[in-house]
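# my questions concern the predicted model and sequence given below.
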Amino acid sequence: MPTFRTSQPASAGDPRRPHVILVGLPGSGKTTIGTAVAAKLGRTFLDLDQEIERREGCSVSAIFGEKGEPYFRNLERTVTEELALFGNMILAPGGGWIVQPGVVALLRPPARLIYLKVRPEAALARLGADHVSRPLLARPDPGGELRRLLEARAEAYSSADFSVNTELYGIERVIEKVSTIVTSIGAA
Ligand code: S3P
């Protein structure tokens, strides 16, 4: 059986219950919100980028730089295939995970997707200097890169089962809203 380093190392990830997957641009808050929601609800959280970094022993930037984006996308797919053997986790894949052909179908159904909506300008402001740790944004015009990523991904993000506009509320309210959705999915 594959193993993951989740927020609750001993948790089993009950395969009979659906995963909840947070999707959205870099800077949409997938990791922050996912961590907080999982802690609040006593659920298991996994950040796919962190899992990939753990397995590879280096940062996502280094993977992109040394082995290239296709290699990273393969790792994302492999971790996703393994996650299909489990369930009941709150997952935060990187922002580009959703546009890999066939990757969503590895988990949904039964998984459900929540889109954390944010405008590129707001995402960039949230990321601050940290945008350089995203290889696709470590370029002269990160705001333009985010706009292009959103344009290319808007349709995929909109295919999520639920959507929360993260700019309409403070972070505590976003955590509450996402928690309510996650609870409703678990109860379904
Ligand atoms: C990517 C987003 C990053 C990371 C990689 C590629 C993307 O994750 O997976 O740099 O294609 O949007 P975050 O969305 O967590 O920043």
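Sure thing, it's come through.

# going forward, measure contacts and count neighbours with C-alpha atoms only.
OK.

# what sits up against the biggest strand by length in the chain?
In the chain, assigned by DSSP state E, the strand with the most residues is strand 112-117. Strand 112-117 has contacts (C-alpha atoms under 8 Å, 6 or more residues apart in numbering) with 18-25, 28-30, 157-158, 160-167, 178, 185.

# ditto for stretch 63-77
Residues from elsewhere that reach stretch 63-77 (C-alpha under 8 Å, 6+ apart): 48-49, 52, 60, 93, 97, 100, 103, 135.

# buried stuff in it?
By 16 or more other C-alpha atoms under 10 Å, the buried positions in stretch 63-77 come out as 63-64, 69, 72-73, 75-77.

# rewinding a little: out of the contacts of stretch 63-77, which two sit at the greatest distance?
Based on C-alpha to C-alpha, the longest span within the contacts of stretch 63-77 runs between Val103 and Pro135 and measures 21.1 Å.

# what comes up buried for the helix or strand of the chain with the lowest mean pLDDT?
Across the helices and strands of the chain, mean confidence by mean pLDDT, DSSP states H and E is lowest for helix 171-187: a mean of 93. Across helix 171-187, burial judged by 16+ other C-alpha under 10 Å covers 174-175, 177-179, 181-182, 185.

# got it, and stretch 99-107?
103-104, 107.

# also within reach of the ligand: list those from those residues.
Within the set of those, contact with the ligand (C-alpha under 6 Å from any ligand atom) is found for no member.

# restricted to helices, list those residues.
Among these, no residue falls in helices (DSSP state H).

# strands of the chain, start to end?
20-23, 44-47, 89-92, 112-117, 162-165.

# any chance of JSON lines for the ones you listed, columns mean neighbour count and mean pLDDT?
As requested, the strands of the chain are arranged in JSON lines below (neighbours: other C-alpha atoms under 10 Å; pLDDT from 0 to 100):
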{"stretch": "strand 20-23", "mean neighbour count": "26", "mean pLDDT": "98"}
{"stretch": "strand 44-47", "mean neighbour count": "24", "mean pLDDT": "96"}
{"stretch": "strand 89-92", "mean neighbour count": "26", "mean pLDDT": "96"}
{"stretch": "strand 112-117", "mean neighbour count": "23", "mean pLDDT": "98"}
{"stretch": "strand 162-165", "mean neighbour count": "16", "mean pLDDT": "98"}
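
# which one of these lies nearest to Thr3?
Counting by C-alpha to C-alpha, Thr3 lies closest to strand 44-47 out of the strands of the chain; the figure is 11.4 Å.
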